[in-house]
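S.K.: Sequence and predicted structure are below.
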Amino acid sequence: MRVARLAAAALAGAIVGVAAAYLFLQPSLQNPAQDDAGAAPATLPDGAPPRSPAASTVEPGPLPTSDRFAVYAYAAKSTEPDELESLIHSTAALAPSHRRTFELDALLVRLAELDVARAVRFARTLRLPTEHLVPLFQLWAEQDAGEALAALRDIDNPATVREIALALVDVLGGDERALERIAAVLSPAQVPAFRLEALVRLAETDPFRALQGALALSESSTRSYALNRIATEWARRDPAAALAQVDTIADDALRRSYQFLVLGEWARFDPEGVFEHIRSLRGVGDRDLPSFVSVLSALAPADPYAVLELAEELPGNVRGTAQQVAIGVIAARDPYEAIAKVESMPRHRDRERLLAAVAQAFGERDPDGALEWAKSLRPAQPNVLMSLVNGIASVDPERAMDLALGGDLGPLSSSALPLMIATTTLAGLQDSTRIAAIADRLVASNDVNALNRIGTLMSAWSRRDPEAAVEWLIQNADRAGRQAIVQVASQLAAEDPMAAAGMIGRLPPDLQGDWLQSVAAGYAQYDAEGAAAWIMQYQGRPGFSQGLAAIAPALAQVDAPTAAGMLERADGSVASFAAGQVASIWAIRDPIAAADWAMQLDDAAARSNAISNVVSNWASQDPDGARRWVLGQPRGELRDQALQRLLPVATASGGEIDRQLLDAFSNDMHRQTAVMNAAMMLGNRDRDAARRLVDQYVTDAQIRQQAYTMIEQRANMAVMAPGIILR
């Protein structure tokens, strides 16, 4: 024991000695409150001249061991909280770097050792990133978990609270008592996600207990998500142990998903081990085949020939997919060898898919050779040419464009454009000059398909380089067309609505209306109230009504009466549709007010649409209230429209026709149509009851036959897709 104490003392002396040497070289640190120039103090000792915040640069890597040693030593000998806060403040002012992060952590932890509550308060005052708060809260929880959790409750940022709460699991433990304790300081909305992430975090230290916890979750999608995350985490550490738990999962779908996620992760770092495991399997069930192919896909880069060999033992419906992946890997290395492999296989329906996989890689590697080979195929292979264009586009998009537009691909040229453009713009092309050249080529062509695809190109370009994309669009608005205007305006408005709105005057007058309504739609998703105020300056301009109609439903989410009032300035079919949307949203919060507003609408189409939507939503939440309101309306066309929505909902819930609702119709055809719709909804769960309903109440032969047909269709669909509610 005495030897250990002496060794520790010697080590501490050495640390202080190193620190003293650094301090001697940096006199500005002798007085941490002020440097020679009277400016903020420099950062901690690092063997270099003192740095000011403006002169700090981002460092390429972590600090050398000697520097870290000195930082710790200096922090350890600091015993004055005021001095530490001064140093923390100065260090926080430096530009981001590895050194800054390390020094901040060291100083904050030292301050926390002296007064942890003060350290947390000071870090929050400086608005430091969450990563600096986490170790402070962990230290606090070790000393006094109750106080740490109480302080966590005071933090407003949900993301910060979540990250700290998960970090406290490491301190307080992952047992139910600890999780309940942490969850008690979270908002109800945060608790499910916290518990899920805590369970996944547990997989790092106790994967078996994490697996059992995941299987005990009641909600199926959450259970599946947790199980998949745990499978991946466990497979990284011990794939054999993870696979040993497969049989403990009773649910077939969960078990298959878990098993193949483990195998897929295992294949990433030990493909030979996975190959050996797969060969030891006695067989793979039909339901396992899709997941099995995904494992083979993960193995293909390591040994595509072994994957081809295993694929031969698979049924035809999945064999081709496994072969396609393996052939693609071989083609990336040597396309001619891949072609020879395909040619040596028996000719079957998957042959064109395999050649297409070769063409993609061949086009990337040798465009000239690939094009010559693809044109030599007899008969011609459209999918092969399509893949070839995609491969060429990834390395030479301008040439791919020329091929697609120049007729070199024959009748395939136009149809190749959609896939080629997607590859060109979304697979990594960053140079706006090159994208502009492609856009110029598109609008200069007389190809209808090319012009139809310019919007796709512009939307992708505006995400990459909005300034360049908009500048090109303004210069070429007439040639680019309405679709491009709409897509770019919506894209930009979602990112920066004010900037997008300010560009309207730079467009040709005949396209400003399209821009206005598209910006309005994007702006409303960002700030519906701001969008509503902004668009009023364009009243009377083309696109104004459409813009109002785009904003109103989003505004109704926060202020339905104001949204409804806005629509008084709109007209046309868009106003009618928007009225229905506003009414539907309003009915969720205040169905009586929404219904009264809908009844007062002047436009017949808007009134009908709005009333129908109100009654549908109202009946799903409060069927008795909706029934009373509808029956309280004057007999006539409007009440019939409301009854047509109410009767099917009431019948589907009760299984029987409400005779009072049926007798309330003023028009017999409306009544029989409503019965038909009610029978269709009832038929989702009881086909015979639905047919009896039609037999009893539908007298029109045409409506009756239509009802029988639709009942059968709905019943058959319900069998094929159980759990889906058809309306």
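M.R.: Thanks, I have it.

S.K.: was I right about E103 contacting A93?
M.R.: No - the pair E103 / A93 is not scored as a contact, 11.8 Å apart, by Cβ atoms under 8 Å. C-beta: built from backbone N, CA, C; applies to glycine.

S.K.: Which of those two has more residues huddled nearby?
M.R.: Between E103 and A93, E103 has the larger neighbour count (other Cβ atoms under 10 Å), namely 27 against 16.

S.K.: and the more buried one, how far is that from I88?
M.R.: From E103 across to I88, the span is 9 Å (Cβ to Cβ, to the nearest Å).

S.K.: next one: D465
M.R.: 39 Å.

S.K.: of these two, who's got more company?
M.R.: More neighbours surround I88 than the other of D465 and I88, with 23 against 16 (other Cβ under 10 Å).

S.K.: give the contact list for the more buried one.
M.R.: Neighbouring residues of I88 by Cβ atoms under 8 Å, 6 or more residues apart in numbering: 104, 107-108, 111, 122-123, 126.

S.K.: what about 10 Å?
M.R.: 103-104, 106-108, 110-111, 119, 122-123, 126, 128, 132 (Cβ atoms under 10 Å, 6 or more residues apart in numbering).

S.K.: Show me how to select, in ChimeraX, the buried members of those.
M.R.: Buried subset of the contacts of I88, written as a ChimeraX selection, criterion 16 or more other Cβ atoms under 10 Å:
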select :103,104,106,107,108,110,111,119,122,123,128,132
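
S.K.: Tell me which stretches of the stretch 351-500 of the chain form strands.
M.R.: With DSSP state E, counting those that start in this stretch as the criterion, the stretch 351-500 of the chain has no strands.

S.K.: Quick one: distance of stretch 628-644 to the chain centre.
M.R.: Taking Cα atoms, centre = their mean, to the nearest Å, the mean C-alpha location of stretch 628-644 is offset from the chain mean by 43 Å.

S.K.: go on, stretch 662-682?
M.R.: 42 Å.

S.K.: now that stretch: mean pLDDT?
M.R.: Averaging pLDDT along stretch 662-682 gives 84.

S.K.: How about stretch 699-706?
M.R.: Mean predicted lDDT for stretch 699-706 stands at 84.

S.K.: Could you find the closest non-adjacent residue to V246?
M.R.: Nearest residue to V246 in three dimensions, chain neighbours excluded: Q259, at 5.0 Å (Cβ to Cβ, 6 or more residues apart in numbering).

S.K.: quick one: F69 and L63 touch, right?
M.R.: Yes - using Cβ atoms under 10 Å, F69 is in contact with L63, at 9.4 Å.

S.K.: low-confidence ranges in the stretch 201-350 of the chain?
M.R.: Where the stretch 201-350 of the chain drops to pLDDT under 70, the residues are 281-291, 316-317, 348-349.

S.K.: now the helices for it?
M.R.: Using DSSP state H, counting those that start in this stretch, the helices of the stretch 201-350 of the chain run over residues 207-215, 220-237, 239-243, 252-269, 271-280, 289-299, 304-311, 316-333, 335-344.
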